[in-house]
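K.L.:
Dropping a prediction and its sequence here:
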Amino acid sequence: MPTLAEAKQAAQQGQMQQARLMYEAILQEDDHSEEAWLGLADVLTETEEKRVCYDNVLKINKKSQAAKDGLRNLEPQTDQLRQMFDIAPDESGGAVESPPEEEEEEIEEEEEEEPSPKAKAKSKAKAKTKTKTKAKTASTTPLPILVGIGLALSIVIFTVIGGVVYVLLGNLAGG
């Protein structure tokens, strides 16, 4: 049976498949080996497989900082531009669009049909949440538009600065 040291050495030498097999063999003998789960997570390439390894480490040791860090690193990083402008990404990577108008009409109809005060309060709270969501998403600008504006501004600034430099150089040259 391989040892943890041999598996680590194989991983350090870039022999990931061999290291993976060694870690798996170690875990077949002792599935409570925190180091083996962490080592296996390091040599795996699939995110879900890594997540399973880190979850297993946390089942063994709830305080494992290495497993917590590993899980945190698996989470997709938020784009700084989206974060700065509070734009939530959708599935395709664009900005979240406003909900369709139909949803608002359905909410208004629900309010009229529901007779009990409790149901009315619940429906109003729902409508408020929808309105807040709509207001927030309606004010966001899609990323391609922001990029286009940025490019246009950089061209204008480059042209103005280039013109100023041209005039200054022309004056210095005496022409």
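P.N.:
That came through fine. Numbering: from 1, shown residues only.
K.L.:
make it CA atoms for all contacts and neighbour counts henceforth
P.N.:
Will do.
K.L.:
domain parsing for this structure?
P.N.:
As given by automatic domain parsing, the domain ranges for the chain are 4-74, 79-96+141-175, 97-138.
K.L.:
ranking those by mean pLDDT, which is last?
P.N.:
Mean pLDDT is lowest for domain 97-138 out of the domains of the chain, coming in at a mean of 49.
K.L.:
phi, psi of residue 150?
P.N.:
When read as degrees, to the nearest 10, the backbone of residue 150 gives phi -60, psi -40.
K.L.:
What's the local residue count around it?
P.N.:
Summarising burial for residue 150: neighbours were counted as other C-alpha atoms under 10 Å, giving 11.
K.L.:
Same check on the one 5 residues further on?
P.N.:
Here the number of neighbours of residue 155 (other C-alpha under 10 Å) works out to 12.
K.L.:
Same question for residue 39.
P.N.:
By the other C-alpha under 10 Å criterion, the neighbourhood of residue 39 contains 21 residues.
K.L.:
what residues are up against it?
P.N.:
Counting by C-alpha atoms under 8 Å, 6 or more residues apart in numbering, residue 39 touches 7, 8, 23.
K.L.:
In PyMOL, select just the buried ones from those.
P.N.:
This is how PyMOL selects the buried members of the contacts of residue 39, with burial counted by 16 or more other C-alpha atoms under 10 Å:
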select buried, resi 7+8+23
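K.L.:
Tabulate the contacts of residue 39 in CSV, adding columns for secondary structure and distance to residue 165.
P.N.:
Conversion of these to CSV gives the following (DSSP: H, G, I helix; E, B strand; the rest coil; distance: C-alpha to C-alpha, whole Å):
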residue, secondary structure, distance to residue 165
7, helix, 62
8, helix, 59
23, helix, 63
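K.L.:
which one of the contacts of residue 39 is nearest residue 168?
P.N.:
residue 8 (63.1 Å; C-alpha to C-alpha).
K.L.:
list the contacts for the closest one?
P.N.:
Contacts here follow C-alpha under 8 Å, 6+ apart; on that basis residue 8 touches 19, 39.
K.L.:
got it, and residue 146?
P.N.:
Taking C-alpha under 8 Å, 6+ apart, we find residue 146 in contact with no residue.
K.L.:
Distance-wise, check it relative to residue 171.
P.N.:
38 Å (C-alpha to C-alpha, to the nearest Å).
K.L.:
Likewise for residue 30?
P.N.:
Going from residue 30 to residue 171 by C-alpha to C-alpha gives 81 Å.
K.L.:
how about the CA coordinates for the helix or strand harbouring residue 37, as PDB?
P.N.:
Under the criterion of DSSP states H and E, residue 37 resides in helix 34-43. What follows is the C-alpha trace of helix 34-43 in PDB, where atoms were taken according to Å, rounded to 0.1, in the frame of the first residue of the first chain:
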ATOM      1  CA  GLU A  34      -7.900  14.000   6.300                       C
ATOM      2  CA  GLU A  35      -4.500  14.400   4.600                       C
ATOM      3  CA  ALA A  36      -5.400  11.800   1.900                       C
ATOM      4  CA  TRP A  37      -8.700  13.600   1.100                       C
ATOM      5  CA  LEU A  38      -6.800  17.000   0.900                       C
ATOM      6  CA  GLY A  39      -4.100  15.400  -1.300                       C
ATOM      7  CA  LEU A  40      -6.700  13.800  -3.600                       C
ATOM      8  CA  ALA A  41      -8.500  17.200  -3.900                       C
ATOM      9  CA  ASP A  42      -5.200  18.800  -5.000                       C
ATOM     10  CA  VAL A  43      -4.600  16.300  -7.800                       C
END
